[in-house]
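J.: Sequence first, predicted model second:
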Amino acid sequence: MSKGSWVDGMIQSQWAWGNGAATPTEEFCTNFYDRTVDAINRYNPDLIYFDVTALPFYPISDAGLKIAAHFYNHNMATHKGKLEAVLFGKILDGEQRKALVWDVERGAPNEILDRPWQSCSCLGGWHYNTSIYENNWYKSASDVVKLLVDIVSKNGNMLLSVPLRADGTFDEKEEKILNEFGEWMNVNKEAIYDTRPWEIFGEGPIAESDIKINAQGFNEGAYSKATAQEIRFTQTKKDLYATVLAWPENGNVIIKSLAADSKLFPQKIRKVELLGYGAVGFNRTAEGLSITLPSKQLNKIAPVFKIKK
């Protein structure tokens with residue numbers, strides 16, 4: 001057993017098999033390689049997720065590197081020469097991110113990344129935990145939306161785990177959260193799907209803070225605290241989307257990045273729509289783009305505005 005592996009926090013210092021981590025034998029590495037390659041050959045996956053530093057057994061063995069090479073070559077052979085495989089790894093440096101997709105566990109960088117990346121999170125624990133159910137410690141639908149919008153605004157993808165009970169079902173509290181999240185997505189999905197990051201990912205106190213990643217992630221708690229001051233941007237070729245991460249109590253939103261003299265958006269704004277509602281009143285000043293919301297909230301989560309380019 002790895003030294004101190006049951007001590008809180010110790011395991012986070014043993015990435016890349018350092019600080020007393022028990023190293024596997026060559027036989028174990030070979031067995032893992034054989035079983036993984038067999039699974040690739042049998043099931044032709046397009047995505048493989050490794051919960052390890054970079055690749056399995058890196059840097060003490062090249063088994064993980066050989067798996068990656070086989071996975072990419074096999075994928076191209078089964079997709080007419082086109083590489084559609086996605087291979088995830090954690091705690092990647094700049095060079096490694098050219099070959100693998102960086103996975104950030106329960107967190108996100110606080111900047112737009114040129115290369116696609118992923119944040120993996122969970123409604124509760126990674127495994128079903130009755131204490132989380134009994135104490136109502138699940139993320140809310142609002143928490144999930146805040147994380148999703150923030151991640152997508154930075155060129156990321158969100159992988160959300162829903163822990164299942166022993167019989168393979170999720171409980172009624174999880175179902176309620178997923179239904180509320182689904183209702184929000186049904187109205188606002190155009191601000192998420194097939195979009196790209198804008199010139200900046202957002203504005204607000206959190207966007208302007210230096211939020212550090214801890215080990216493989218673990219900073220998502222900062223984003224779940226977002227208020228109506230926090231705005232995130234995505235775009236298509238025709239439209240800019242601004243998602244306010246909470247409904248403002250005063251019924252008014254000011255987007256500073258879209259002020260009258262903004263170099264980020266110098267063109268004239270002719271129309272602003274609230275998704276799920278329609279056109280809304282606005283006024284563009286030196287302070288920002290001021291938008292008046294309808295008196296009745298459309299949902300309990302977050303309003304999304306569509307601004308024609």
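T.: Received it, and whenever you're ready, just let me know what you need.
J.: Can you get me a residue count around Leu47?
T.: Using other Cβ atoms under 10 Å, the number of residues around Leu47 comes to 14. In short, each C-beta sits where N, CA and C put it, glycine included.
J.: Report how many residues lie close to Lys173.
T.: Residues near Lys173, counting by other Cβ under 10 Å: 15.
J.: what's the helix or strand for it?
T.: In the assignment (DSSP states H and E), Lys173 maps to helix 172-188.
J.: and what of Thr243?
T.: Using DSSP H and E, the element containing Thr243 is strand 239-244.
J.: May I have the predicted confidence score for Ser224?
T.: pLDDT for Ser224: 80.
J.: and it, what does it touch?
T.: 139, 143, 146-147 (Cβ atoms under 8 Å, 6 or more residues apart in numbering).
J.: Need the max-distance pair from these.
T.: Within the contacts of Ser224, Lys139 and Lys146 form the most distant pair, 9.4 Å apart (Cβ to Cβ).
J.: Compare these two (neighbour count), which wins?
T.: Neighbours per residue (other Cβ under 10 Å) separate Lys139 from Lys146, with Lys146 holding more: 25 against 20.
J.: That one is in what secondary structure piece?
T.: Lys146 belongs to helix 141-153 when assigned by DSSP H and E.
J.: Could you give the number of residues near the closest residue to Glu190 other than its chain neighbours?
T.: Sequence neighbours aside, Leu275 is the residue nearest to Glu190 in space, at 7.0 Å (criterion: Cβ to Cβ, 6 or more residues apart in numbering). Residues near Leu275, counting by other Cβ under 10 Å, number 18.
J.: What of the one 4 residues further on?
T.: The burial count assigned to Ala279 is 10, neighbours taken as other Cβ under 10 Å.
J.: Roughly how far does it sit from Asn157?
T.: Ala279 sits 31 Å away from Asn157, going by Cβ to Cβ, to the nearest Å.
J.: Ser13 too?
T.: Taken as Cβ to Cβ, the span from Ser13 to Asn157 is 28 Å.
J.: picking that back up, doesn't Ile301 make contact with the residue nearest to Glu190?
T.: No: judged on Cβ atoms under 8 Å, Leu275 makes no contact with Ile301 at a distance of 11.9 Å.
J.: The closest residue in space to Trp184 that isn't next to it in sequence in helix, strand or coil?
T.: Among residues not flanking Trp184 along the chain, Ile301 sits closest, at 5.0 Å (Cβ to Cβ, 6+ apart). Under the three-state scheme (DSSP: H, G, I helix; E, B strand; the rest coil), the conformation of Ile301 reads as coil.
J.: burial measure for the spatially closest residue to Lys308 that is not a sequence neighbour, as a count.
T.: Leaving aside its sequence neighbours, Lys308 sits nearest to Lys271 (Cβ to Cβ, 6+ apart; 5.1 Å). Residues lying near Lys271 (other Cβ under 10 Å) number 10.
J.: For Tyr128, which three-state class applies?
T.: What three-state DSSP gives for Tyr128 is coil.
J.: name the element the nearest residue to it once chain neighbours are set aside belongs to?
T.: Spatial nearest neighbour of Tyr128, chain neighbours left out: Pro163 (4.3 Å); criterion: Cβ to Cβ, 6+ apart. Following DSSP H and E, there is no helix or strand that holds Pro163.
J.: Need the pLDDT of the residue nearest to Glu190.
T.: What the model reports as pLDDT for Leu275 is 98.
J.: So which bits of the worst-scoring helix or strand of the chain on mean pLDDT are buried?
T.: Using mean pLDDT, DSSP states H and E, the weakest-scoring helix or strand in the chain turns out to be helix 220-224, at a mean of 87. Within helix 220-224, the residues that count as buried by 16 or more other Cβ atoms under 10 Å are 220, 223-224.
J.: same thing with stretch 198-218?
T.: Using 16+ other Cβ under 10 Å as the test for burial, stretch 198-218 gives 198, 201-204, 206-207, 211, 216-217.
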